[in-house]
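>>> Compute the structure for the input listed below.
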Amino acid sequence: MRMRLLRLQRSRRGFSLLEMMAAMAIFSLVGLIIGTSLAAFSRSWRQAQKIGSELERNQAIDRLAETVFRGAVPFLWPDEDKGEDRYVFQGKTDELYLTALGRTRSGGDAFRFVRLYRYGDELLCDWSTEPLLPWLELEAQKFKTEKLASGVRNIYFKYGAEGQSDAAVDWYDDWNEDELEGIPMAIQLTIEWQDGTRERWLRRTAGTSGNTALAVSASSISANSLQQSGGGGGGGR
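Just a heads-up that it's a prediction; the model follows:
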């Protein structure tokens, strides 16, 4: 009977300090493992989302380069102030005006007139089905604006022309219409992102800079070839 009472007293005494410390250490270790696993999973999830967003963004710019750069053609339009036809093309290191072939097979417009530039940390595209003329004020023209990407630190265009030999290409930061005729044979866009990384897109154009016979002028196309409804609200940023 006495032994039974001693055992009952010991069982009612509870855990010792050493046992409690061991239990707390085990619980802390389990919590640390769970927290570390959750943090690693969260980082992996955010990284996967970041990679997916960057891939989607780069694919959108790649589609633009494929359709707009590769579809660029020499297109002439009257400059009333100068009294002469000028190419609807202006290539600067940080801004580009060009004319690209439209999707005529699917019932779209014959030409698409495009302006690419950076505003703040965004890569923007102004486009219209009417000639978007670089020598006129933007506020006087009709166009729509689309955001292609954000997180942009800077953009750099380069323009390729035929060099002295067949294999050579001369590259220019600016396409000066007084010195270079027509449009470039190739266009390269480099985007520097806010994180310091860079991406490049290079495409050969549909028109050849040295072959002015390929140029399309306003007098050589019918009025129905251009969508006169325009691209919507004008006014640049």
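
>>> make it CA atoms for all contacts and neighbour counts henceforth
Fine.

>>> and the longest strand for this protein?
Scanning the chain for the longest strand, with DSSP state E as the assignment, gives strand 152-162.

>>> Can you give the contact residues for it?
91-96, 117-118, 120-123, 168-175, 184-194, 209-210 (C-alpha atoms under 8 Å, 6 or more residues apart in numbering).

>>> Ok, stretch 198-207 next?
Stretch 198-207 is contacted from outside by 62, 65-66, 69-74, 183-192, 214-215, using C-alpha under 8 Å, 6+ apart.

>>> What's the ChimeraX line that selects buried ones from the contacts of strand 152-162?
Of the contacts of strand 152-162, the buried ones go into a single ChimeraX selection, burial set by 16 or more other C-alpha atoms under 10 Å:
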select :91,92,93,94,96,117,118,122,123,171,172,174,175,184,185,186,187,188,189,190,191,192,193,209
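
>>> ok so, going back, parallel or antiparallel, list what pairs with the very next helix or strand once past the longest strand of the chain.
Sequence-wise, the next helix or strand downstream of strand 152-162 (DSSP states H and E) is strand 169-172. Using DSSP bridges, the strands paired with strand 169-172 are strand 152-162 (antiparallel).

>>> quick one: average pLDDT of the partner strand?
Strand 152-162 shows a mean pLDDT of 95.

>>> can you give me the offset of it from its chain's centre?
The chain centroid and the centroid of strand 152-162 are separated by 13 Å under C-alpha atoms, centre = their mean, to the nearest Å.

>>> which parts of it are buried?
Going by neighbour count (16+ other C-alpha under 10 Å), the buried part of strand 152-162 is 152-162.

>>> And the helices in this protein?
2-12, 17-64 (DSSP state H).

>>> in the sheet, who's paired with residue 152?
The partner residues for residue 152, given DSSP bridges, come to residue 193.

>>> looking at the protein, which helix or strand is least sure?
helix 2-12 (a mean of 52; mean pLDDT, DSSP states H and E).

>>> From one end of stretch 171-183 to the other, what's the distance?
13 Å (C-alpha to C-alpha, to the nearest Å).

>>> what's the pLDDT at residue 147?
95.

>>> on that earlier part again, and of the buried residues of strand 152-162, the nearest to residue 100?
residue 159 (15.7 Å; C-alpha to C-alpha).

>>> Torsion angles phi and psi at residue 174?
In terms of degrees, to the nearest 10, the main-chain angles of residue 174 are phi -130, psi 140.

>>> OK, contacts around it?
If you count contacts by C-alpha under 8 Å, 6+ apart, then residue 174 has 91-93, 158-159 around it.

>>> where does the protein have low pLDDT?
By pLDDT under 70, the weakly predicted segments of the chain are 1-15, 103-108, 165-167, 208-237.
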